[in-house]
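J.: Provided below for reference: sequence and predicted model.
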Amino acid sequence: MKDKVSAIICAAGKGERAGFSKNKLLAPIYGAPAIWHTLKKFDIPEIDEVVVAASEEDFEEISALCAPFKYSVVKGGQTRTESVKRALAAVSGEIVLIHDGARPFVSRGLILSCIDGVKKFSSAVCAVKLTDTAVIAQLGLVTDRLDRSETFRVQTPQGFYTEDIRRAYGLAGDRVYTDDSAAFCEFIAPARLIDGEESNIKLTFKSDFIRELPLPAAVSGLTGFGVDVHAFGKKQNFIKLCGVEIPCDTGLIAHSDGDVALHAVMDAILSAAGLKDIGHYFPDNDPAFKGADSALLLAQVVEIIGKKGLRVKNVSVAVQAEKPRISAYIDNMVARVASLTGADRGNISITAGTSEGLGFVGEGRGICVYAVATLYEA
Ligand code: CTP
Ligand code: MG
């Protein structure tokens, strides 16, 4: 049976170093309290339960923010360590990811690799290599230096088997730590580092709120472009565009079903995700794809990018064809692309035009389709 995965979000601090009149996590970034962005990141199917630690003072406000997500909220303690201990008492998953509420820029991909890391290595602590040289100093004088190649900045999330980290904190008594791997390393085993992300910063000082923050993925997006051409000449009385059959005096020559529009859409999506093109995933010399339904291939492409934590936000398609007339079919094409990509219908646009008699399109020898897709991190 699959292990249940819980997440703890530590939000019970005071945010003193940020110097706002209240907890820094309630200060807005991109129009919503910072903590809301963190909460939203854990609202994914791979996380089964979320427990948030909030201070007495912020309990009501943070509970209200957690309500739509159906997260439970527990009272935190005087130190982060105490807050984590209290939240640990409330989680029911076999695996637990512990995360700072002050790191709203954590990506879905990082959360997923942390869960995978626990399954593979029994612990997974996100960390990034140091780029500056690190030294030890006392009273302003350098007393020692660290080997940069072996020095890391440790972030959250940090994932463990719940019983291990509970045991570690149980044995820790009154000791106070700044992160959870410290207790794990002291009482259980050396914690396993996995690649963190530079963008996963911890909002600590007021300047962290003012400087250019990484855009939330929902705002930023990734864009890709795709184009495809197929020639007329197949003995067939229709063509397929965006999964819709359109009557035509000739079909498009292709190894697959010749849906030139969906091919351009797939390339745009793969390109936005930084992946190779459809020829790589569905080679046109592979008999498995002979006559393949391009709609099924698009569904696979959506699944491939889904594994990278990405979803389709918007698709824009421009068809260049001298024949057949497409306008009557555009609504159906839009609906089909929306259902195949999971994007809202209003975010799919399809335009069509001729080429004024110029070039191979104008001479009626084939169809050319351009597509642009935008993805977001879900
Ligand atoms: N935290 C917590 N309980 C505490 C102290 C901290 O849950 N008693 C949480 C914070 O809300 C934050 C995370 O632990 O999300 C990391 O701590 P830090 O960045 O130090 O936040 P604060 O303690 O709130 O800030 P400061 O130290 O500047 O007061
Ligand atoms: Mg603190």
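T.: Okay, I see it. Ligands and ions are numbered 1, 2, ... in the order given.

J.: From here on, just use CA atoms for contacts and neighbour counts.
T.: Noted.

J.: who's in contact with stretch 81-96?
T.: 3-8, 10, 12, 48-53, 74-77, 98, 115, 118, 159-163, 166, 169, 176-180 (C-alpha atoms under 8 Å, 6 or more residues apart in numbering).

J.: Please convert the buried members of those residues into PyMOL selection syntax.
T.: To isolate the buried ones among these in PyMOL, judged by 16 or more other C-alpha atoms under 10 Å, type:
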select buried, resi 5+6+7+8+10+12+49+50+51+52+53+74+75+76+77+98+115+118+159+160+161+162+166+169+179+180
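
J.: Show me the contacts of stretch 81-96 that map onto helices.
T.: Of those, the ones assigned to helices by DSSP state H are 115, 118, 162, 163, 166, 169, 180.

J.: Please identify the nearest residue in space to the second one, excluding sequence neighbours.
T.: Read that as residue 118. Distances taken as C-alpha to C-alpha, 6 or more residues apart in numbering put residue 124 closest to residue 118, at 5.3 Å, once the chain neighbours are dropped.

J.: ok, back up a step: against ligand 1, which of the contacts of stretch 81-96 make the cut? List them.
T.: 10, 12, 53, 76, 77 (C-alpha under 6 Å from any ligand atom).

J.: with those in mind, which one is nearest to residue 315?
T.: Residue 315 has its nearest neighbour among these in residue 10, at 37.6 Å by C-alpha to C-alpha.

J.: Quick one: residues contacting that closest one.
T.: So residue 10 contacts 52, 53, 54, 76, 80, 83, 84, 98, 99, 100, 101 (C-alpha under 8 Å, 6+ apart).

J.: Pipe these into CSV and attach distance to residue 361 per row.
T.: Output for those, formatted as CSV (distance: C-alpha to C-alpha, whole Å):
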residue, distance to residue 361
52, 59
53, 62
54, 63
76, 67
80, 65
83, 66
84, 64
98, 57
99, 55
100, 56
101, 55
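
J.: Nearest to ligand 1 within the stretch 201-350 of the chain, name that residue for me.
T.: At 5.3 Å from ligand 1, residue 204 is the closest residue in the stretch 201-350 of the chain, using C-alpha to the nearest ligand atom.

J.: Quick check, pLDDT for the nearest residue to that residue once chain neighbours are set aside.
T.: Nearest residue to residue 204, sequence neighbours excluded (C-alpha to C-alpha, 6+ apart): residue 18, at 5.8 Å. pLDDT, residue 18: 95.

J.: ok, the ones in helices among the contacts of stretch 81-96 vs ligand 1, which is closest?
T.: Closest approach between the ones in helices among the contacts of stretch 81-96 and ligand 1, by C-alpha to the nearest ligand atom: residue 180, at 10.8 Å.

J.: can you tell me which residues contact the closest one?
T.: 81, 98, 158, 165.

J.: Let's see that with 6 Å instead.
T.: By C-alpha atoms under 6 Å, 6 or more residues apart in numbering, the contact list for residue 180 is empty.

J.: and what of residue 322?
T.: 354, 362, 364.

J.: Please spell out the ChimeraX selection for the buried subset of those residues.
T.: Restricted to buried positions by 16+ other C-alpha under 10 Å, the ChimeraX selection for the contacts of residue 322 reads:
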select :354,362,364
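
J.: and which of the contacts of residue 322 is nearest to ligand 1?
T.: With C-alpha to the nearest ligand atom as the yardstick, the closest approach to ligand 1 among the contacts of residue 322 comes from residue 354, at 56.7 Å.

J.: can you give me phi and psi for the closest one?
T.: Phi and psi for residue 354, reported as degrees, to the nearest 10, are phi -100, psi -180.

J.: Residue 173 and ligand 1: what is the separation?
T.: Distance of residue 173 to ligand 1, given as C-alpha to the nearest ligand atom, to the nearest Å: 16 Å.

J.: Now for that residue, how many residues are close by?
T.: Residue 173 has 8 neighbours, counted by other C-alpha atoms under 10 Å.

J.: pLDDT score for it?
T.: For residue 173, pLDDT reads 95.

J.: for it, what are its contacts?
T.: With C-alpha under 6 Å, 6+ apart, residue 173 has no contacts at all.

J.: Equivalent analysis for residue 38, please.
T.: Taking C-alpha under 6 Å, 6+ apart as the test, what residue 38 contacts is 101, 104.

J.: Apply 10 Å and report the result again.
T.: 9, 11, 25, 99, 100, 101, 102, 103, 104, 105, 106, 107 (C-alpha atoms under 10 Å, 6 or more residues apart in numbering).

J.: show me what contacts the residue nearest to residue 204?
T.: Contacts for residue 18 (C-alpha under 10 Å, 6+ apart) come out as 24, 25, 27, 203, 204, 205, 206, 207, 208, 209.

J.: In those residues, find the pair that's most separated.
T.: It's 25 and 207 that sit farthest apart of those, by C-alpha to C-alpha, at 14.0 Å.

J.: follow-up on the earlier one: quick one: which of the contacts of residue 10 is nearest to residue 187?
T.: Closest to residue 187, out of all of the contacts of residue 10 and judged by C-alpha to C-alpha, is residue 84, at 16.3 Å.

J.: which SS class is that closest one?
T.: At residue 84 the chain is in helix, as set by DSSP: H, G, I helix; E, B strand; the rest coil.

J.: Next one: whichever residue of the stretch 251-378 of the chain sits closest to ligand 1 from residue 269, what distance?
T.: Relative to ligand 1, the nearest point of the stretch 251-378 of the chain is residue 378 (21.7 Å; C-alpha to the nearest ligand atom). Going from residue 378 to residue 269 by C-alpha to C-alpha, to the nearest Å gives 15 Å.

J.: Alright, calling it a day.
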